[in-house]
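Enquirer: Below is the structure, and that's it, no one-letter string:
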(Lines give C-alpha, C1' and ligand atoms only; values in the text may rest on other atoms or scores of the structure.)
Protein backbone atom coordinates (compact mmCIF):
# COMPACT_ATOMS: atom_id res chain seq x y z
CA UNK A 1 0.00 0.00 0.00
CA UNK A 2 1.30 3.44 -0.93
CA UNK A 3 1.36 6.11 1.75
CA UNK A 4 -0.91 9.10 1.23
CA UNK A 5 1.40 12.09 1.56
CA UNK A 6 0.44 15.73 1.90
CA UNK A 7 2.97 18.45 1.12
CA UNK A 8 1.93 21.81 2.52
CA UNK A 9 4.08 24.57 1.08
CA UNK A 10 3.52 28.00 2.49
CA UNK A 11 4.93 31.47 2.08
CA UNK A 12 4.31 34.67 0.19
CA UNK A 13 5.58 34.53 -3.41
CA UNK A 14 5.72 38.34 -3.42
CA UNK A 15 8.24 38.52 -0.57
CA UNK A 16 11.50 37.30 -2.07
CA UNK A 17 12.78 34.16 -0.38
CA UNK A 18 9.48 33.65 1.44
CA UNK A 19 8.44 32.03 -1.86
CA UNK A 20 10.62 28.98 -1.19
CA UNK A 21 7.72 26.80 0.07
CA UNK A 22 5.51 27.42 -2.97
CA UNK A 23 8.54 27.18 -5.31
CA UNK A 24 9.39 23.71 -3.99
CA UNK A 25 5.76 22.66 -4.46
CA UNK A 26 5.99 23.80 -8.09
CA UNK A 27 8.98 21.47 -8.57
CA UNK A 28 7.02 18.65 -6.95
CA UNK A 29 4.03 19.26 -9.21
CA UNK A 30 6.14 18.71 -12.32
CA UNK A 31 7.76 15.60 -10.81
CA UNK A 32 4.41 14.13 -9.76
CA UNK A 33 3.06 14.47 -13.29
CA UNK A 34 5.86 12.10 -14.33
CA UNK A 35 5.25 9.74 -11.37
CA UNK A 36 1.47 9.17 -11.28
CA UNK A 37 1.74 6.14 -8.98
CA UNK A 38 2.95 8.32 -6.10
CA UNK A 39 0.00 9.40 -3.93
CA UNK A 40 0.86 12.99 -3.00
CA UNK A 41 -1.48 15.91 -2.43
CA UNK A 42 -0.06 19.41 -2.80
CA UNK A 43 -1.43 22.26 -0.70
CA UNK A 44 -0.17 25.82 -1.14
CA UNK A 45 -1.03 28.80 1.03
CA UNK A 46 0.43 32.03 2.38
CA UNK A 47 0.43 30.70 5.95
CA UNK A 48 -0.77 27.73 7.95
CA UNK A 49 -4.38 27.93 9.07
CA UNK A 50 -6.79 25.78 11.04
CA UNK A 51 -8.26 24.38 7.80
CA UNK A 52 -4.96 22.67 7.05
CA UNK A 53 -5.73 20.28 9.89
CA UNK A 54 -8.18 18.56 7.53
CA UNK A 55 -5.48 18.18 4.86
CA UNK A 56 -3.20 16.54 7.41
CA UNK A 57 -5.95 14.36 8.87
CA UNK A 58 -6.54 12.77 5.45
CA UNK A 59 -2.90 11.72 5.02
CA UNK A 60 -0.48 9.07 6.26
CA UNK A 61 2.52 11.42 6.21
CA UNK A 62 2.73 15.20 6.23
CA UNK A 63 5.54 17.50 5.17
CA UNK A 64 5.34 21.21 5.93
CA UNK A 65 7.60 23.24 3.61
CA UNK A 66 8.59 26.79 4.49
CA UNK A 67 11.36 29.31 4.10
CA UNK A 68 13.60 29.37 7.16
CA UNK A 69 15.44 32.55 8.10
CA UNK A 70 17.45 31.05 10.98
CA UNK A 71 18.04 27.44 9.99
CA UNK A 72 21.10 25.92 8.40
CA UNK A 73 21.76 26.25 4.70
CA UNK A 74 20.66 24.85 2.39
CA UNK A 75 17.80 23.27 4.40
CA UNK A 76 16.80 21.39 7.52
CA UNK A 77 14.38 18.54 8.04
CA UNK A 78 12.98 17.86 11.49
CA UNK A 79 10.17 15.83 12.96
CA UNK A 80 7.27 17.80 14.43
CA UNK A 81 4.60 16.66 16.86
CA UNK A 82 1.08 17.83 17.67
CA UNK A 83 0.97 20.59 20.28
CA UNK A 84 -1.60 23.18 21.26
CA UNK A 85 -0.69 26.61 19.90
CA UNK A 86 -0.50 29.28 22.57
CA UNK A 87 -1.27 32.18 20.24
CA UNK A 88 -4.52 34.08 20.54
CA UNK A 89 -5.60 33.52 16.94
CA UNK A 90 -6.25 30.71 14.49
CA UNK A 91 -5.26 32.98 11.60
CA UNK A 92 -1.67 31.72 11.50
CA UNK A 93 -0.60 28.44 13.06
CA UNK A 94 2.58 26.47 13.58
CA UNK A 95 2.95 22.99 12.05
CA UNK A 96 2.57 21.57 15.57
CA UNK A 97 -0.75 23.40 15.99
CA UNK A 98 -2.03 22.12 12.62
CA UNK A 99 -1.26 18.57 13.78
CA UNK A 100 -3.12 19.29 17.02
CA UNK A 101 -6.15 20.44 15.00
CA UNK A 102 -6.01 17.21 12.97
CA UNK A 103 -6.13 15.21 16.20
CA UNK A 104 -9.02 17.25 17.59
CA UNK A 105 -11.04 16.87 14.39
CA UNK A 106 -10.55 13.11 13.99
CA UNK A 107 -10.07 11.92 17.56
CA UNK A 108 -7.01 9.99 16.30
CA UNK A 109 -3.30 10.66 16.53
CA UNK A 110 -2.01 12.98 13.84
CA UNK A 111 0.07 11.32 11.13
CA UNK A 112 3.86 11.47 11.32
CA UNK A 113 5.00 14.90 10.16
CA UNK A 114 8.14 16.86 9.39
CA UNK A 115 9.08 20.47 8.83
CA UNK A 116 11.28 21.08 5.81
CA UNK A 117 12.87 24.50 6.25
CA UNK A 118 14.65 25.87 3.20
CA UNK A 119 17.11 28.61 4.11
CA UNK A 120 16.10 32.04 2.88
CA UNK A 121 18.09 35.24 3.29
CA UNK A 122 16.10 38.08 1.72
CA UNK A 123 12.38 38.58 2.42
CA UNK A 124 11.70 41.92 0.74
CA UNK A 125 8.25 42.71 -0.65
CA UNK A 126 8.28 42.79 -4.45
CA UNK A 127 11.57 40.90 -4.80
CA UNK A 128 12.20 37.54 -6.44
CA UNK A 129 14.22 34.68 -4.94
CA UNK A 130 17.76 35.67 -4.01
CA UNK A 131 20.66 33.88 -5.69
CA UNK A 132 21.48 32.14 -2.40
CA UNK A 133 17.89 30.95 -1.95
CA UNK A 134 17.77 29.67 -5.53
CA UNK A 135 20.78 27.50 -4.75
CA UNK A 136 19.15 26.29 -1.53
CA UNK A 137 15.99 25.48 -3.50
CA UNK A 138 17.97 23.27 -5.87
CA UNK A 139 19.49 21.32 -2.97
CA UNK A 140 16.10 21.07 -1.25
CA UNK A 141 14.54 19.75 -4.45
CA UNK A 142 17.09 16.93 -4.62
CA UNK A 143 16.25 16.04 -1.01
CA UNK A 144 12.49 16.22 -1.58
CA UNK A 145 12.77 13.76 -4.46
CA UNK A 146 14.52 11.34 -2.10
CA UNK A 147 11.73 11.75 0.45
CA UNK A 148 9.02 11.16 -2.14
CA UNK A 149 10.84 8.10 -3.45
CA UNK A 150 10.57 6.43 -0.02
CA UNK A 151 7.50 7.75 1.86
CA UNK A 152 7.94 5.83 5.10
CA UNK A 153 8.33 7.47 8.53
CA UNK A 154 11.52 5.55 9.32
CA UNK A 155 13.07 6.62 6.00
CA UNK A 156 12.18 10.27 6.61
CA UNK A 157 13.42 10.07 10.21
CA UNK A 158 16.74 8.75 8.92
CA UNK A 159 17.07 11.85 6.73
CA UNK A 160 16.38 14.40 9.46
CA UNK A 161 19.06 17.01 9.87
CA UNK A 162 17.91 18.49 13.13
CA UNK A 163 16.01 16.59 15.80
CA UNK A 164 13.21 18.12 17.86
CA UNK A 165 13.34 18.23 21.65
CA UNK A 166 10.77 15.40 21.96
CA UNK A 167 12.95 12.81 20.27
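Expert: Everything's here; your move. Values in this document were obtained by computation on a predicted structure and should not be read as measured data.
Enquirer: what residue is smack in the middle of the chain?
Expert: By Cα atoms, centre = their mean, the mean C-alpha position of the chain lies nearest to residue 64, the distance being 1.7 Å.
Enquirer: right, and the helix or strand after the longest helix along the chain?
Expert: Across the chain, the helix with the greatest residue count (assigned by DSSP state H) is helix 131-149. Following helix 131-149 in sequence order, the next helix or strand is helix 153-158 (DSSP states H and E).
Enquirer: Tell me which residues are up against that next one.
Expert: Contact with helix 153-158 is made by 61, 63, 77, 79, 112, 114, 147, 150, as judged by Cβ atoms under 8 Å, 6 or more residues apart in numbering. In this view, the C-beta of every residue, glycine as well, is placed from N, C-alpha and C.
Enquirer: same deal with stretch 117-131?
Expert: 14-21, 23-24, 65-69, 71-78, 132-133, 136-137, 140.
Enquirer: again, only this time at 7 Å
Expert: Contact partners of stretch 117-131, identified using Cβ atoms under 7 Å, 6 or more residues apart in numbering, comprise 14-20, 23-24, 66-69, 71-76, 132-133, 136-137, 140.
Enquirer: for the protein, which spans come out with low pLDDT?
Expert: Applying pLDDT under 70 to the chain flags the ranges 1-2, 87-91, 162-167.
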